[in-house]
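[1] fold the following and give me the result.
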Amino acid sequence: MKGRIDIAAEQDRMRVLIAGGGVAGLEAVLALATLGRDLVHIEVIAPDKEFVYRPMLVAEPFGTAEMLRLDVDQVVADAGARRLEDCLSAVDAAERTVETASGNALAYDALILAVGAQPRESVPGALTFSGTAERRQFGEMIRRLGRRGAKRLAFIVPKGVCWSIAAYELSLLTAAERDVRELPGVEIMVVTHETEPLGVFGSAVSQLVSARLAESGIILEAGSVAERVEDGNLILGSGEGLEADAFVALPGLEVASIPGIPQRPGGFIQTDARMHVSGLESVWAAGDATWFPVKQGGLAAQQADAAARTIAALAGAHVPVEPFHPILRAALITGDAPEFLRSDLPHREGKEAAARRELWSPPTKIAGNYLGPYIAGKLGAESTGEELVDLAPSAKPTEDAAEHELALGLLLAAADADAGVGEYEGALRWLSLVEQLDFVIPPRYVTRRYEWRRELDPSLEPDAAAARIDPSFESGEAAIRDLERRIGWLRELEGSTEEDMRGHLAQLDKGMERLRAMTKRAGIFKGS
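    Model (predicted):
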């Protein structure tokens, strides 16, 4: 061990150490900077320089959303704190010190554990949707859809996973790309242990999600516990099997061992309602590392707020000390207008809400009291102030939906108009506003955005998502293969009715026109 380092720069400030630079850690920094002001001196131990806006990772393989990455040092500095590039390795609660991976001992007056959890495989044989490599594999899986032998894709919510929104978002975004790529016969299903989709929100939200899945032609297998994948079959706890060509499962979570901290099975940390770690003085925990079963960014932020309020009050701030009272806020990405969802936990009658219009402001995916407005500022979005504000559901949802569609249409028309006169930077700015409105752009604009960027930078590397939708962006050969795939569908449909065949031939005519345009642009077709 290299020796003890005293954190405090001034003796009259409480020394607060925050371990972790994720949602809970950054929310705690911003909350303490607001509530504690000049009463606390904050240090953050975090190994990563970047904070990735993880709720949008589901959209990354589809190319429909830009990934927000925040400089952790900047966030911490904006809060008047400092980051140590290190990892927590052990805690000595009696001495009020922590040991880091680099061998230093850091002293504290208050410690917040926001170390997060690590993903683990939950369904052997399925692709676990977790890290960068797995997201790339998923993109390749999507590319193979529609070819012979790749017609059914299953998304799995395994037993023990209580926060399942990513599975529904992945399925809806896949359905949106399927439709824009005109892939007939491709089936998408969600297999979940939940008795109802997103049942944690209550029955009203479950019914809404079920309706959105049905509208998109997604098969729902609820109440089904996935065990493993064998020979193209998903084996269920009941002994039955579900056949598919590819399987994608949400990960389970586990927390690394922290010597000095009492941990439950899986490494999770027990706390009381104020997020104080059971049996230890001056130690709090927040986020995915805690015992609370629903692992969600907004809840992690609420837990961090509860800890920060208690610590600020101990430091002398006149702030109310309130327990963690979970309120679920989530925006379901659909590929179309998002669905804003809100519910108290446990459910109370009249406390559930779902709307196409935002139910909190600013309407960020991570509904953190302080982190939400901070992220909104980085995105250039408007905010009602320094803290998150809940909004009442609209009394005129139909009018709101029409207004939303009008706004979206105007933004897209403005983007197309700018691109039409060569103002590609302006066109891209309009698409950024679309992302603020819907979180994602329509799948058909994935190719346009890439083409506009390539006009500004001809050396731009091929975009995988754009190449799936318009194969000529990958190569002329890919465009030819796309046509061959379509011809393959017709051969499979030789036994169809005359009416069905006429429809598919019409699609082939459209495909030939697209192919001529694509190959001319690729420089491999010179005809008229």
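[2] which strand residues bridge the residue nearest to Leu84 when sequence neighbours are not counted?
    Distances taken as CB to CB, 6 or more residues apart in numbering put Ile45 closest to Leu84, at 5.1 Å, once the chain neighbours are dropped. No exception for glycine: its C-beta is placed from N, CA and C like everyone else's. Counting by DSSP bridges, Ile45 forms beta bridges with Ala19, Leu84.
[3] wait, Ile45 touches Cys87, no?
    Yes: counting by CB atoms under 8 Å, Ile45 does reach Cys87; the two are 6.9 Å apart.
[4] any shared contact partners between these two?
    Shared contacts of Ile45 and Cys87 (CB atoms under 8 Å, 6 or more residues apart in numbering): Thr100.
[5] give me the more crowded residue out of the two.
    Ile45 (25 against 16; other CB atoms under 10 Å).
[6] distance of that one relative to Gln263?
    Going from Ile45 to Gln263 by CB to CB, to the nearest Å gives 18 Å.
[7] so what's the residue nearest to Leu84 up against?
    So Ile45 contacts Leu17, Ile18, Ala19, Gly20, Arg83, Leu84, Asp86, Cys87, Leu88, Val98, Thr100, Leu106 (CB under 8 Å, 6+ apart).
[8] I'd like those residues as TSV, with distance to Phe51 and pLDDT appended.
    Below are the contacts of Ile45 laid out as TSV (distance: CB to CB, whole Å; pLDDT from 0 to 100):
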residue	distance to Phe51	pLDDT
Leu17	18	98
Ile18	13	98
Ala19	15	98
Gly20	11	97
Arg83	11	96
Leu84	16	96
Asp86	16	96
Cys87	16	95
Leu88	17	97
Val98	21	97
Thr100	20	96
Leu106	21	96
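[9] most neighbours out of the residues you listed, which is it?
    Ile18 (33 neighbours).
[10] from what I see, that one and Glu27 are in contact.
    No: under the criterion of CB under 8 Å, Ile18 makes no contact with Glu27, lying 9.8 Å away.
[11] in this structure, where is pLDDT below threshold?
    Across the chain, residues meeting the criterion (pLDDT under 70) sit at 1-11, 147-149, 347-350, 382-385, 478-479, 481, 484-528.
[12] most centrally placed residue in it?
    Pro55 (1.8 Å; CA atoms, centre = their mean).
[13] how near is it to Leu68?
    Distance, Pro55 to Leu68, by CB to CB: 10 Å.
[14] which parts of the stretch 401-528 of the chain are helices?
    Using DSSP state H, counting those that start in this stretch, the helices assigned to the stretch 401-528 of the chain run over residues 424-438, 444-456, 464-469, 476-492, 498-522.
[15] what's the answer for the stretch 51-200 of the chain, then?
    Counting by DSSP H, counting those that start in this stretch, the helices of the stretch 51-200 of the chain are 72-78, 132-144, 165-180.
[16] which among those helices is found nearest to Ala312?
    In terms of CB to CB, the element of the helices of the stretch 51-200 of the chain nearest to Ala312 is helix 72-78, at 17.3 Å.
[17] who's in contact with the closest one?
    21, 26, 29-30, 42, 44, 46, 48-51, 82-83, 374.
[18] can I get the contacts of Ile45 in a markdown table including distance to Glu461?
    Below are the contacts of Ile45 laid out as a markdown table (distance: CB to CB, whole Å):
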| residue | distance to Glu461 |
| --- | --- |
| Leu17 | 42 |
| Ile18 | 38 |
| Ala19 | 37 |
| Gly20 | 34 |
| Arg83 | 32 |
| Leu84 | 36 |
| Asp86 | 34 |
| Cys87 | 33 |
| Leu88 | 38 |
| Val98 | 43 |
| Thr100 | 38 |
| Leu106 | 42 |
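[19] farthest pair within these?
    The widest separation within the contacts of Ile45 (CB to CB) is 14.7 Å, between Arg83 and Val98.
[20] tell me, how many residues neighbour the spatially closest residue to Gln296 that is not a sequence neighbour?
    Using CB to CB, 6+ apart and skipping the chain neighbours, the partner closest in space to Gln296 is Trp163 (4.8 Å). Trp163 has 20 neighbours, counted by other CB under 10 Å.
[21] got the contact list for Trp163?
    Trp163 makes contact with Val200, Val294, Lys295, Gln296, according to CB under 8 Å, 6+ apart.
[22] run the last query once more with 7 Å
    Counting by CB atoms under 7 Å, 6 or more residues apart in numbering, Trp163 touches Val294, Lys295, Gln296.
[23] about what we covered before: tell me the one of the contacts of helix 72-78 nearest Gly116?
    The closest of these, once distances to Gly116 are taken by CB to CB, is Gly21, at 9.1 Å.
[24] tell me the SS of the closest one?
    State at Gly21, reduced to three classes by DSSP: H, G, I helix; E, B strand; the rest coil: coil.
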